[in-house]
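[1] after the sequence you'll find the predicted model.
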Amino acid sequence: MARLIVEAIISNTSVTPNTAEPVFLTVSVTKTNGTPVKGLVQSDFVIGDTFASQRVNVSLFLGTNGLQIGPGAINADGLYMIELVPSVGQWRPLGDYHVAVIVKHGNDHGQTIAPLSFGP
């Protein structure tokens, strides 16, 4: 069993609390030697909020062939864009979410946590 290095950030600068608008989670997955892990699919990811199970749902999963970034549209293997929505109702105003990301691919695994806040 090998360790995967998983890093994640959430961008919610354009999302309003008390709505069900999606927020975007970007996940980087590499091997311990820095090699990007490409070809992961949605079923390789488990995503949830640590305060209560099933409070966030995946509404869109991108990046199985590498996201296109930068001048000349360079393939960024190992990056995955995941769109999240609240599982029930709306995002809580002034609420904090701790989004856990677990990646399992064959015998390899890794995890991280990314904060999501709606506040002043």
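    Ah, there it is. Residues are numbered from 1 along each chain as shown.

[2] where does pLDDT dip in the chain?
    13-14, 52-54, 64-75, 93-95, 119-120 (pLDDT under 70).

[3] now the most centrally placed residue in it: closest residue in space that isn't a chain neighbour?
    Nearest residue to the geometric centre of the chain (CA atoms, centre = their mean): Leu25, 3.8 Å. Using CB to CB, 6 or more residues apart in numbering and skipping residues adjacent in sequence, the residue nearest Leu25 is Ile82, 4.4 Å away. Just so you know, the C-beta spots here come from the backbone N, C-alpha and C atoms, and that holds for glycine as well.

[4] tell me which element that neighbour falls in.
    Secondary structure assignment for Ile82, by DSSP states H and E: strand 79-86.

[5] quick one: distance of the helix or strand following that strand to the chain centre.
    Using DSSP H and E, the helix or strand that follows strand 79-86 in sequence is strand 96-105. In terms of CA atoms, centre = their mean, to the nearest Å, the centre of strand 96-105 is found 7 Å from the chain centre.

[6] next secondary structure after strand 96-105?
    That would be, after strand 96-105 and using DSSP H and E, strand 108-117.

[7] how distant is that next one from the center of its chain?
    8 Å.

[8] any buried residues in that strand, and which?
    Going by neighbour count (16 or more other CB atoms under 10 Å), the buried part of strand 108-117 is Asp108, Gly110, Thr112, Ala114, Leu116.

[9] and it, what does it pack onto?
    strand 4-11, strand 23-31, strand 96-105 (3 or more CB pairs under 8 Å, 6 or more residues apart in numbering; DSSP states H and E).

[10] what's the closest of the ones you listed to Phe51?
    strand 96-105 (6.6 Å; CB to CB).

[11] angle of that closest one against strand 108-117?
    Comparing the axes of strand 96-105 and strand 108-117 via axes from the mean of the first three to the mean of the last three CA atoms, to 10 degrees yields an angle of 160 degrees.
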